[in-house]
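Q: Kindly return the folded structure for what I paste below:
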Amino acid sequence: MKKYLGLLLASLWIVSALAQENKQAVIHGYGDLYVLYNADESVRIVAAKADGNVMDTTFAYLPDNLKFRYSATGDNTNVSFEFNLHERIKHPWRQQKSDKTLVVSDIHGRLDALIAVLKGNGVINNDLNWSYGKNQLIVLGDILDRGRDDNGIAWLVYKLEKEAEDAGGRLDFIIGNHEDLVLKDDIRYVNEAHLVFSAMAGIPYSDLYGVNTELGYWLRDSYLILTVGDNLFVHAGLSPKIIQKRYKIGEINELGWRFTGYPTKERNNMHTRNETLFGSDGPLWYRGLVTNSEPVSSEDLDKVLDYYKTKRIIVGHSEVDEIDWRYDGRVVAVNVRHYDNFPKNHTAGILIEGNNIYSITYSGKKVLLGK
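A: Predicted coordinates for the structure are as follows:
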């Protein structure tokens, strides 16, 4: 009881101080901002301050008026936005098409590139709020790792998910292999600045995305595969071995939210279907739809399309110089090198509008790929 009372008083003091200073209760993080839920139902918030030090505070409960602000710290990314926490929004994995669907992939911490392509194509306004109405944004995974502001990208996508829903639109995030890597504590590709922060905070980096954190739960509860109209969306691809073993979309998504983030050995021991699903032939890692070293045959691709009752598969993961219209449009590869393409305003993603598919640039120029 004393511990709870102490947390309550501390929480009220912090909120009061914030309100006096900023006219509202705002938790501000510069490059790192995390919400962790404790076993006693208190909430711990850990964030980087502007001076590089760590803010670490625990609330007995989160006040209704508490807001969060993320400020970017990456090179040439002068951006800041506010958001509230919200319940996870999850749409059916089979959906009807919106009038417009914008698709981007593998942003890897380049918050500047993501904001440019969303602004340039009318998805968000200058205040970084949803302005796409009842249309749809699909993010094909790999927002984490490499770039400095991957934490900010996660919060921005999280924020826009709620704003899209409120406007009658949709934002769907499909999990990628780098989200799975971070969640299972493979930190090879983590930007070093995050590791400096986690060391200063005394919290292992993967714990900042643990099962009892806001972003950790949000990521784990994402789909591995999604169909919208006659298009199938997946981070990496689907091997013919997946249909030989008769993985249905529902099974793929259920095993995904149950076992994403588990260590490989443990995951494989927990369910016999995990080894193939999370392996090199599965939706997080398969490259045969894009790379030319071991390409899928046209006949096998048709078998995959027939099995999942779809016209084409839209993938990220495997890098391409520009948006790649493959197999006569039965595969569209959208993982462009944002670090190269953004400065040149080359292709950044695709737009599905009616029956047409366009490549789009960061500034909103579009070129018809096909139907």
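Q: buried sites along stretch 38-47?
A: Buried residues in stretch 38-47, counting neighbours by 16 or more other C-beta atoms under 10 Å, are found at 42-47. Backbone N, C-alpha and C define where each C-beta goes, glycine included.
Q: so how far is stretch 337-353 from its chain's centroid?
A: Stretch 337-353 sits 17 Å away from the centroid of its parent chain (C-alpha atoms, centre = their mean, to the nearest Å).
Q: Check which residues of that stretch are buried.
A: Neighbour counts over stretch 337-353 (16+ other C-beta under 10 Å) mark 338, 341-342, 346-353 as buried.
Q: quick one: which of these is nearest residue 136?
A: Closest approach between the buried residues of stretch 337-353 and residue 136, by C-beta to C-beta: residue 352, at 8.6 Å.
Q: Which helix or strand contains that closest one?
A: Using DSSP states H and E, residue 352 sits in strand 347-353.
Q: Can you list the strands that the helix or strand just after that strand pairs with?
A: Sequence-wise, the next helix or strand downstream of strand 347-353 (DSSP H and E) is strand 356-361. Sheet pairing here is set by DSSP bridges, and for strand 356-361 it gives strand 347-353 (antiparallel), strand 366-370 (antiparallel).
Q: for strand 356-361, what is the average pLDDT?
A: Mean per-residue pLDDT for strand 356-361: 98.
Q: What lies in contact with it?
A: For strand 356-361, the external contacting residues (C-beta atoms under 8 Å, 6 or more residues apart in numbering) are 102, 117, 120-121, 322-323, 329, 332, 345-352, 366-371.
Q: Just checking the distance from it to the centre of its chain.
A: Distance of strand 356-361 from the chain centroid (C-alpha atoms, centre = their mean) equals 21 Å.
Q: Could you tell me the end-to-end distance of stretch 82-95?
A: One end of stretch 82-95 to the other measures 30 Å (C-alpha to C-alpha, to the nearest Å).
Q: What's the mean pLDDT across it?
A: 95.
Q: What are the buried residues along it?
A: Residues of stretch 82-95 classed as buried: 82-83, 89, 93, 95 (neighbour count, 16+ other C-beta under 10 Å).
Q: Sitting in strands, which of those residues do you find?
A: Counting by DSSP state E, these place 82-83, 95 in strands.
Q: Just name the closest of these to residue 108, please.
A: For these, the nearest to residue 108 is residue 83 (21.1 Å; C-beta to C-beta).
Q: What's opposite the closest one in the beta bridge?
A: What pairs with residue 83, by the bridge criterion (DSSP bridges), is residue 68.
Q: number of nearby residues for residue 200?
A: Residues lying near residue 200 (other C-beta atoms under 10 Å) number 15.
Q: where does this structure dip in pLDDT?
A: Scanning the chain with the threshold set as pLDDT under 70 gives 1-24.
Q: Would you map the helices across it?
A: For the chain, the helices defined by DSSP state H cover 2-22, 111-120, 150-166, 177-183, 192-201, 214-220, 240-244, 249-259, 264-270, 274-277, 298-307, 338-344.
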